[in-house]
Structure formats: C-alpha cells, structure tokens
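S.K.: the sequence isn't on hand, but the structure is:
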C-alpha cells in the first residue's frame, strides 16, 4: 500500500569544489508511507509517516511517524544512519490487526497462610471477588458472559506469606482493551480490602482467609495470531524483513531474509551470500559484502568502515581546499574501489591560482586570482591569439599564468641563432684572411706562395686533429657557483637535498634522474618500484626552507595479511595497531558458546600470524577460520555431581556403602546437604566401590531434580561443602557388617576427591558445566552434549537432535556444517614452492573458495597475474625476480629487481628524450647489466662533413694559387745530332697544347691530395 512520496531535496550533483555547504545528504526513499522534507538554509529535516492503520516499532513503542535530519556540514549522513543501518532505511510500516485477546498479569502476596491452597479453588475465589465487587473497574468480569476471565493461577509459599500470580484475559470487546484493573487493584490492596476466602479440598476444614498485602499489575498487552506480533495493546502483521517469534515480530538475523508479510520464519541466503545487517526483506538483499574504504582528507557516503553490498555506489566528499583528481568520478561501486588503482577517488589538495597576466584571457571565466583548481585539472588561456595550458600537476602547488613566456622563447631563439651566425662568420673570416687579398701579380714567385699554403695546411691539420681529440666539459648544476654577485652583494641560491625514499626512483619533470640536490621551486616526480605503492603525492616541490612540501613513502604491497573473518551472528572488533593483529569475537547479548566441556564463554580472541597469513584458530579441521557459533541458554532439567572419594579405614569394599553415604549426607549438620532431606537431591543405587593396592575409593552421583533449577546454586553449595569436608577429612561413613555382633566400620575420607558437577538438559540442548545451551546450527544433541555434525552431514536448525546427510554425494570440508550449502564439491589447496597460500596448502576447502598466493622475498607472480584464484582453477606460481645488477651513468634505470614477465622502459641521456628503450624479464632470475648504446653516427657524420670541407677548401686554395702564379717557360729540347755530310733536318713545329684550369687543378697538384689523405 504505497503512497506518494514528496521530496524537497535537490538531487546531489558531482562536486569538485571545496565548499562543504554544497554537500547534501542522499535522497531518502520509503516503501510504504509518505516522506516530507523541509530545507531551511543548510538544515534539512524529513518526516516519515505511515499510512492510516499502519505502525512501526521504535524502542518497544509503536509509532506512526518519525523525523530525521541531515548532518550537512560533517558527513552527509542522516541522523538515523549507522553501521547497522548504513543506507538509512526507515522502519517498515506494518498493518495493525485485531488481537486474539488482551492479557493483564497480576502478582500478589497474601497474608494468612504459608501453604498454597488448591489452585482451582483459588481461581474461583478470585473470580468471586472481582464479580462481587461494587467497583465498576471490574465490570468486564461481571455478568453471565463476562468479557474477562481469570486464568493460569499459580502459587508459591514462603515462611510468612503466599505469592499468587494469575492472568486476566479479555476475550470480548476487543476494540478497546480494559486498563482499569491496575489502579483499582492497587487501591484495594492499599486499603486492605482485597480479601479472598479459599475453600479447602476437605470440606470439613474451614476456608482459608487471605488478605492481599502487595500487588504488581502489568498490562494489558495484546496477544496476536500467528505471523503477527504485539507491541503494547496493538497487534501488527510482521512486515517483510521480520518474522513472528514467541508472539513478537523479530528482525531476520544476518544472512537470512523474509520477503512476505506475516512470516513465521526467515530464509537463508543462497550461495553463501550475506546481508549487510538484520531485517533483510528480499533475496536481493543477499549479496557479496564490501567494506567502504577510508578516504584521507575527506569522507564518503556510505561512511568509511560500513559494510555494504559490493554493487552499492559510494560517493566521495573532500574537505575544504581538497578535491578529487580531475576527470576521476566521485561515485563508484564499492566493489570497484581499490586504493592502489589510479581511478580511486582520493582527495588531493587543490592548486591555487596566484597570478594571471593582464593581457591574458582565461577560457573558464570562473577562474580568477585565488581560485582553486582540482588536482590534474588544466587551465586553458589565450595570449595574443595563441592558446596555452597550465595544469595542476602537484597537489597544493601555486599556479601562475603568464603571457610573456612566448617572448622569452623568441628571445632565446634569437640569442641561439645569433650565436650560430656569429660562429659561422668568424670561421669564414678566418679562412678569407688567410687566402684572400689582392690578386697576386704575374711573376709572383712560387716560393712566396708556398709558405702561405704550408701555414694553411698546418692550421687545418691542427683544427681537424683538435676536433677528433679535444673534449669539452660543461659544469653540472651541482658544480655551478652557489653565489651570485650583484651590486657587490652576495646572494646564496637555495638548494634542497633530494630525499632518500626507499624502493623508489626520483626524476625531474623532464624524466631525468634527479641530482643530489635541486634548486628552490624545482619539482620532482616519485616512481615507486614494482610491488610497492606510493603513499603521498606523485610530485614534491623544493621549498624556501630547503625542504620539500610533501612526505612520500613507498609501501610494500606484499605485506601478508590474514583473511577477513566472518563473525556470523556475533560482532568482531580488531586491534590493527597491535603486533600481531588481534581480533575479539563477541556473541550477541545473552548468548554463549562452549569454550570447553565445563566453561561457557561469550567472547573469543584470535591473532594473525603474518608469516603465513593464517589466524591462530585456523587448522586443517578449520581451514576457513570459522568462529564458534553462539546460542541461548536454557533452563536445566536437573543437575548431577559425579564424585570419587578416597576412603581410609578398610582395605576392601564393604556392603552398604550407598546407604551409609545417604545417611551421612542426611545426618550432616551442614545446610548445604539439606536438599537430601526435602527430596530435591538423591543418591542413586549405582554407587561403585573400588579397591586396588589396599586403597579404597567410592564413586557415586548426587542428582538434583527438585528445587530452583534456574540456577546451580543448590548443587554448587553441595559441591563446595563436599570439597571442604573431604579436604578436612571430616567426611565419614558408618558401614554396618552382615554379622550383627560385630560393630560398624568407620570409613574416613583421606583427602582425595575427584568431582565434577554438570547440568542435565532437555532434548536439543547440551550441558556445559552446570549450564545448558541450545545446540546451535551445525551441532546436535547427543547424550546430553552438543556435538558437531560429522563430516558430510549438516544441521540447519537450532536445537537439533540429529544431523542430515549431504545430498547428491556432496561433501563438507570439515565437521560442524550448519547449512545444506556447506555440502559442496571439495578441493585441496594446491602446493607451492617459493611461497605459501591462504588457506594453507593441503587444506580442504569448497571448490569456489578464493585462494590467495604470497611469494617469498625476491620472488613474485608473473606480472599482471592476480594473486587470487578459485581453488578449482589454475593457481599462480612464484618465480624468481629478474635483477638489474649494474647500470651506467647515462640510463634512467637503477639497480633492483622486477617481476617475471614484467617490462620496463628507460631513456638514455646520450639519446633523444623521446627515444625509449625496453627491458623484459622473460627468463626468471635473469641478471641484467644495463648500459646505454654509444652514439657513433654523429661523430661519423661530423668527420665526413669535416673532410669534405677540408677538400673543398684545399681545392679552392689551389685554384687560386694556380690562376695567380706565372706559367714557367719550358726549356727547349736539345737538337738531335746529325751526321756529317747530311743536311740538317727541317724542324717540325708542334702545336702547343695549353692545360685547362681543370687539368691544372686536379692533375698537377697531387701533393694537395696527399696532404688530405694524411689528415684523414
């Protein structure tokens, strides 16, 4: 019967600001009823109202409406939210129904007799008193068909008075309960006019006159039909999430649900799923649980530490001046929250904009000076029609937006370009000054030119040799002067020593290894080694006090932790700061478990052994660490004291020991043995005498079957007195012999006593010392003791007297199974070398159990392989890590280890910044020596260019030399010898062939090429 719901709360929007006034509590919903909310300023309150004829219970009182308010400035939590109600569910409205009857309980003490009269006669006397009274307050008992009757009369006596209890049942006029008895009975008792005349069974004796001395009247209270519960005088159908138990609507226990109105039992969650709290109203409330993680510098809804469904969305809120990383959602299902993943909505300190240039236009108009910017958020701006971006790369840093950085870049370009041009000009001038000038006159002697060429050749040779041999050492940042002198005043530069963060590598923002110290405002990046998690920001900044603004550490992710324990119906509190970590399991109020055969306990402490991820109570018979089930106490049906007393006075057994024992106990002056006199205690005939090596002992049992059985006071007193008498050797037995003429034999306790008192319990309950508890689920009553169900059987009900066989040949992993779902296909945890598993190797667990693998030092799983796997799936192995044993000074890597199948990337300082090198651990345990490759390409290219320049220069010089020197005249060849008497030959004039400039340059001056060859 759902009615319309009216909301005045605006749905929450995603916030990346620090203004907590924007935070609102989550929108509430109701299944049945009406919700009206009012927003006044920052204060929000809501009233939940049930429909007409519907109620909900709060602290034993039925109500039709209730109010809650929103803690808007602290936690975005409604006032009724808690760990037991993490999602803020309202009490369920239940429909009221007509009671079966009303019940008023009356307890009165009477003077006039110390023995109880006949109860039926007492009932008639009470009815007679009320029906004959002149008071209208008792009118419902009067008449032929009275609406009220007297029932269930009981009586108990003391030395001075009687106590009579009875009920007034109203079965008519159920529209309005009669509540007039209370005051009238009290008035009658006060005036001593409440008198009864109770007839005795034997008619000859006179009636017993009783006068009421005190009265205690409670009620009326309603009594309801099955599936309904009473609260005061109203009956309501038990709503979904509750069931009727002993006439009261009770919330379904954890891990059970009720999806129907008027239920008398709850249903267990299937497939080992769990509920987040009691009162689950649907099977969909059975889920896998998830604990909301803690959020530094902020909080969340649901609150950190609350247990919720792994599909429930968790919203993160940050404190003032903090925000979630830009583009990271502040809402995420609980099961996806992992503090070690980059998309975890962690709160980071926001960056502050401290300067904006006047000529700048910021794209986001809301960003001004002193505005806060989320971590990793970028600010876009425009300067002189060009766009640029500034990003909040380090939490809490100050951001300055300048337009003049473009001018700086241009100025730097001009300076660098001018320097290059100046260098080229000087080189040209050097060559020109040596080879240029006036054209050499015709006839200029070669002897004058040759020294010039020789000098040039020598200089060139020195230059090229210098290029191959000379090195230039530029000063490092650490070698630069720490002092600058301006206007005769020395100013010291501020340096921060780079912190030594274990298991990390520290880089500058340009991905180079950080030096030992850096200048003020320098930003460094922290990269944790594989297997380690950074705690703190990923960047730190050098401050003016020579320290860094943030503390960063790298935490070992392979720290072994024990698995989460299931507290069942109890509660669990853990001390994680202790070493070892300890947890205390506590039963619900008035529930206990058998710590041993004689002691009940309500709490149990376990400790975590971090060396094997196992709790102290885990073993092969308890592989998953199940905690002892809690159960209610029950009233014993009897008590027994089993004892064995050593006796002196005879070295052989004598007849009549049992009778002598009874006589000794009854005749004792001790009040502790009085229960033997009034029949509350007895000694059965099964007493046993033992005689061995001249030592006589008597074994017997004392049974208490009467008296007050709600406590063990009687048997405990008996036990204590027996111990004292035996210890004092005052406990004696007088045993008569068969031959009457001989006197009785006196046997005296020799001080030795072995004894144990225990309770006798009803079927389905077991004794623990002198107490009885209902056998919890997973156990059954056997011979008066709660015993765990055997392997492959289960008990899913409290108070069982037998266990049920698992169906379909399924098996349980150990004894004490409490549900058919514990019958499963079992799996043995696979063995592992170089590590261990949790649960431990060899333990038998259900095949769907997640097994966690941990590796020893210097071993790891294959990279990206999850360390959790189902037992029936392939389990991960541990491999020896690869090691980087040495590195040169040019690589960005450091020595250390990394996981099998992991790949690393690194850069080299002698290579381009965008050139990335890769390193893969493809062979377990491989050792790497890392060195950056030497760059020969630049040297070869430079050498080739230099040789070409030298050759070109020599060619040019030789051309000029050839064109300016005179061509020497060739000496004519000698005339041929002629014979006498012959006329001289006629000379033949040969045609003169002049060499070309090309021939003269490349053919004649071979020495130039020889010199170049020598240089190369």
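M.R.: The structure has been received and is ready for your questions. Please read all numbers here as calculations on a predicted model, not as lab measurements. Numbering: from 1, shown residues only.
S.K.: drop to CA atoms for contacts and neighbour counts, all remaining ones
M.R.: Fine.
S.K.: can you pull out the helices in the chain?
M.R.: 119-132, 181-190, 405-435, 446-469, 657-667, 713-727, 937-964, 997-1002, 1006-1015 (DSSP state H).
S.K.: in terms of mean pLDDT, which of those ranks lowest?
M.R.: Confidence, taken as mean pLDDT, is least for helix 446-469 of the helices of the chain (a mean of 43).
S.K.: lowest-confidence helix or strand of this protein?
M.R.: strand 483-486 (a mean of 39; mean pLDDT, DSSP states H and E).
S.K.: and the pLDDT at the closest residue to residue 694 other than its chain neighbours?
M.R.: Spatial nearest neighbour of residue 694, excluding adjacent residues (C-alpha to C-alpha, 6 or more residues apart in numbering): residue 651 at 4.7 Å. Per-residue pLDDT puts residue 651 at 79.
S.K.: spit out the contact partners of residue 651.
M.R.: 691, 694, 695, 696 (C-alpha atoms under 8 Å, 6 or more residues apart in numbering).
S.K.: how far away is it from residue 689?
M.R.: 11 Å (C-alpha to C-alpha, to the nearest Å).
S.K.: overlap in contacts, these two.
M.R.: By C-alpha under 8 Å, 6+ apart, the residues touching both residue 651 and residue 689 are residue 696.
S.K.: show me the contacts for residue 333.
M.R.: 310, 311, 312, 313, 314.
S.K.: show me which of these is closest to residue 135.
M.R.: residue 312 (62.4 Å; C-alpha to C-alpha).
S.K.: just for the stretch 701-850 of the chain, where's the confidence low?
M.R.: Residue ranges of the stretch 701-850 of the chain with pLDDT under 70: 737-742.
S.K.: need the strands for it, in chain order.
M.R.: 732-735, 745-760, 765-768, 771-774, 779-782, 785-788, 793-794, 804-805, 826-828, 835-838, 844-846, 850-855 (DSSP state E, counting those that start in this stretch).
S.K.: neighbouring strands - and their directions - for the fourth one?
M.R.: According to DSSP bridges, the neighbouring strands of strand 771-774, each with its direction, are strand 631-634 (antiparallel), strand 765-768 (antiparallel).
S.K.: need the contact list for residue 883.
M.R.: Counting by C-alpha under 8 Å, 6+ apart, residue 883 has contacts 895, 896, 897, 898, 925, 926, 927, 928.
S.K.: which of those residues sits closest to residue 777?
M.R.: residue 898 (49.1 Å).
S.K.: what about that closest one, how many neighbours?
M.R.: 24 (other C-alpha atoms under 10 Å).
S.K.: what's across from it in the sheet?
M.R.: Here residue 898, judged by DSSP bridges, has bridge partners residue 882.
S.K.: quick check, it in contact with residue 881.
M.R.: Yes - taking C-alpha atoms under 8 Å as the definition, residue 898 is a contact partner of residue 881 at 5.6 Å.
S.K.: the residue lying closest to residue 778 once chain neighbours are set aside and residue 99: what is the separation?
M.R.: Spatially, and ignoring its direct neighbours in sequence, residue 778 is nearest to residue 818 (3.8 Å; C-alpha to C-alpha, 6+ apart). Per C-alpha to C-alpha, residue 818 is found 36 Å from residue 99.
S.K.: same deal with residue 155?
M.R.: Going from residue 155 to residue 99 by C-alpha to C-alpha gives 28 Å.
S.K.: between those two, which has more neighbouring residues?
M.R.: residue 99 (22 against 18).
S.K.: how near is the more buried one to residue 262?
M.R.: 14 Å.
S.K.: wait, what's in contact with residue 300?
M.R.: Applying C-alpha under 8 Å, 6+ apart, the residues contacting residue 300 are 75, 76, 314, 315, 316, 317.
S.K.: check residue 826 too.
M.R.: 811, 812, 813, 844, 845, 846, 847.
S.K.: pretty sure the third one sits against residue 845.
M.R.: Yes - with contact defined as C-alpha under 8 Å, residue 813 and residue 845 form a contacting pair (5.6 Å).
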